[in-house]
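K.L.:
Structure here, sequence nowhere to be found:
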């Protein structure tokens with residue numbers, strides 16, 4: 001592909017050259033006619049022009065000037081070869097031939113026939129027009145028309161042959177230049193089409209980029225809404241459920257001391273839930289992970305849950321404990337909290353076991369209970385697609401390239417297992 005600057009320079013040069021040729025075609029005939037007239041009339045006595053030839057040449061000069069004046073106006077509405085341009089070329093040649101016949105020095109004007117042939121004559125008539133001009137110029141160069149004797153005719157033939165050869169040579173060079181010009185025009189046209197296609201592609205890319213930005217912003221907003229909804233469900237909803245349970249226990253407490261214990265637990269749950277809600281809004285790690293690692297946070301969560309619900313709960317850690325990335329630790333803690341909340345609300349279990357296992361490059365969290373179990377395929381549509389229970393836990397695991405399995409059967413308890421990549425706290429490879 002040509003360089004844009006080079007192509008622009010070529011277009012500018014071609015436009016400048018075309019303008020100069022246009023000036024020559026407009027004013028050149030007048031200049032050559034004036035030059036031929038001045039030179040011819042200055043040498044009229046030496047050549048032996050008669051008074052009648054002088055008057056005739058004057059009339060032809062005036063006719064030539066009128067002819068050019070007409071053509072300069074007509075050419076504006078007749079670009080390219082036409083019947084009018086052929087008539088103009090023939091009339092101009094005839095006037096030049098007649099003037100050169102009377103005075104060979106009028107060949108200054110007759111030579112105008114060499115120029116602008118491609119603008120005036122169709123391709124099939126150009127050779128004839130150039131040959132006719134060569135005859136006129138050769139007659140002038142050989143001493144005037146008609147030749148006076150055999151030697152004059154021989155000289156005329158030789159000069160005519162030279163002129164024809166020169167015309168053929170310059171015609172060939174002109175054809176090569178025309179072919180090069182056409183190739184440049186084709187290249188420029190192709191570049192313009194390429195630039196137009198490129199500009200269209202850039203415009204489409206800009207529009208697509210703007211659309212992607214809008215979609216990314218909308219996706220970010222939707223993702224943040226889902227995060228906040230899940231956090232509210234895991235903190236406020238579960239906290240409020242626990243507070244309600246403790247306050248209900250107050251009503252049936254056998255004595256003031258027991259009632260006070262339930263009230264204190266409700267207050268602690270309220271404070272904890274408020275703190276978790278604030279941290280969720282600011283996208284911070286859960287309170288339980290602020291000072292402890294995941295195993296300690298899970299152990300405290302399981303212990304407090306067991307005390308609050310009265311269900312026997314045990315936490316176990318296996319494998320070599322690793323300091324996990326904050327998001328991985330927060331995800332597993334939230335999954336454990338949600339699974340325990342589901343167990344408290346639905347399982348009617350007496351025992352729950354929570355196990356955190358470090359196995360190679362994975363971390364596994366298992367929550368098992370001996371409750372009533374359920375059929376995962378028989379869940380209501382909202383629970384499978386729109387809630388924050390199992391789907392919420394599964395979405396959390398998938399967000400950090402993990403996955404979640406749920407195994408349950410009516411009457412045989414439930415097992416929830418989350419497996420996620422082991423990403424260390426420093427972000428290095430496992």
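P.N.:
Alright, I've got the coordinates. In this text, all values refer to a predicted model and were calculated from it rather than measured experimentally.

K.L.:
what number of residues lie near residue 305?
P.N.:
Residue neighbour count, defined by other CB atoms under 10 Å, stands at 22 for residue 305. Yep, even glycine has a C-beta here, placed from its N, CA and C like the rest.

K.L.:
make that residue 263, sorry
P.N.:
Number of residues near residue 263 (other CB under 10 Å) recorded here: 16.

K.L.:
show me what contacts the nearest residue to it once chain neighbours are set aside?
P.N.:
Spatially, and ignoring its direct neighbours in sequence, residue 263 is nearest to residue 250 (6.0 Å; CB to CB, 6 or more residues apart in numbering). By CB atoms under 8 Å, 6 or more residues apart in numbering, the contact set of residue 250 is 259, 262, 263, 266.

K.L.:
Assess the claim that the last one and residue 246 are in contact.
P.N.:
Yes. Taking contacts as CB atoms under 8 Å, residue 266 lies within contact range of residue 246: 3.9 Å.

K.L.:
any idea how far residue 402 lies from residue 109?
P.N.:
96 Å (CB to CB, to the nearest Å).

K.L.:
Of those two, which one has the most company?
P.N.:
residue 109 (28 against 21).

K.L.:
Leaving out sequence neighbours, find the closest residue to the more buried one.
P.N.:
Once flanking residues are discounted, residue 109 sits nearest to residue 36: 3.7 Å by CB to CB, 6+ apart.

K.L.:
Just list the residues touching the one you found, thanks.
P.N.:
Contacts for residue 36 (CB under 8 Å, 6+ apart) come out as 99, 105, 106, 107, 108, 109, 110.

K.L.:
repeat that with 6 Å
P.N.:
Taking CB atoms under 6 Å, 6 or more residues apart in numbering, we find residue 36 in contact with 106, 108, 109.

K.L.:
ok, the last one to residue 90 distance?
P.N.:
Note on residue 109: its distance to residue 90, by CB to CB, is 15 Å.

K.L.:
And the first one, by the same measure?
P.N.:
Using CB to CB, one gets 17 Å for the distance from residue 106 to residue 90.

K.L.:
Equivalent analysis for the second one, please.
P.N.:
With distances taken as CB to CB, residue 108 is found 20 Å from residue 90.

K.L.:
quick one: which of the two has more around it?
P.N.:
residue 108 (23 against 15).

K.L.:
is it true that the more buried one touches residue 34?
P.N.:
No. With contact defined as CB atoms under 6 Å, residue 108 does not reach residue 34; the gap is 9.2 Å.

K.L.:
Got the phi and psi for the residue nearest to residue 171 when sequence neighbours are not counted?
P.N.:
Of all residues not flanking residue 171 in the chain, residue 130 sits nearest, at 7.0 Å (CB to CB, 6+ apart). Dihedral pair for residue 130: phi -70, psi -40, per degrees, to the nearest 10.

K.L.:
So what's the residue count around residue 130?
P.N.:
Residue 130 has 20 neighbours, counted by other CB under 10 Å.

K.L.:
Quick one: end-to-end distance for stretch 310-321.
P.N.:
29 Å (CA to CA, to the nearest Å).

K.L.:
Counting by contacts, list what the lengthiest helix in the chain packs against.
P.N.:
The longest helix of the chain (DSSP state H) is helix 150-232. Packing partners of helix 150-232 (3 or more CB pairs under 6 Å, 6 or more residues apart in numbering; DSSP states H and E): helix 4-42, helix 123-141.

K.L.:
what angle sits between the helix or strand following it and helix 150-232?
P.N.:
Remark: after helix 150-232, the chain's next helix or strand is helix 238-251, criterion DSSP states H and E. Helix 238-251 and helix 150-232 are oriented at 10 degrees to each other (axes from the mean of the first three to the mean of the last three CA atoms, to 10 degrees).

K.L.:
Quick one: mean pLDDT for helix 238-251?
P.N.:
Average pLDDT, helix 238-251: 72.

K.L.:
from the chain's centre, how far out does it sit?
P.N.:
Distance of helix 238-251 from the chain centroid (CA atoms, centre = their mean, to the nearest Å) equals 59 Å.

K.L.:
again with stretch 143-150
P.N.:
Relative to its parent chain, stretch 143-150 has a centroid offset of 74 Å by CA atoms, centre = their mean.

K.L.:
Ok, stretch 191-202 next?
P.N.:
On the basis of CA atoms, centre = their mean, stretch 191-202 is displaced by 10 Å from the centre of the chain it belongs to.

K.L.:
Only the buried residues of that stretch, if you could.
P.N.:
Within stretch 191-202, the residues scored as buried using 16 or more other CB atoms under 10 Å are residue 191.

K.L.:
got the contact list for residue 136?
P.N.:
Counting by CB under 6 Å, 6+ apart, the residues that residue 136 touches are 96, 97, 100, 110.

K.L.:
Need the pLDDT of it.
P.N.:
pLDDT recorded at residue 136 is 89.

K.L.:
State the number of residues packed around the closest residue in space to it that isn't next to it in sequence.
P.N.:
Counting by CB to CB, 6+ apart, residue 136 lies nearest to residue 110, which is 4.4 Å off, once chain neighbours are set aside. The number of residues packed near residue 110 is 27, by other CB under 10 Å.

K.L.:
Tell me if I am right that residue 110 is in a strand.
P.N.:
No. Applying DSSP: H, G, I helix; E, B strand; the rest coil, one finds residue 110 to be helix, outside a strand.

K.L.:
Just the pLDDT at residue 226, thanks.
P.N.:
Confidence score, pLDDT, at residue 226: 62.

K.L.:
swap that for residue 55, sorry
P.N.:
Looking at residue 55, its pLDDT stands at 91.

K.L.:
Can you get me a residue count around it?
P.N.:
There are 10 residues near residue 55, going by other CB under 10 Å.

K.L.:
That one: helix or strand, and which one exactly?
P.N.:
Applying DSSP H and E, one finds residue 55 within helix 51-74.
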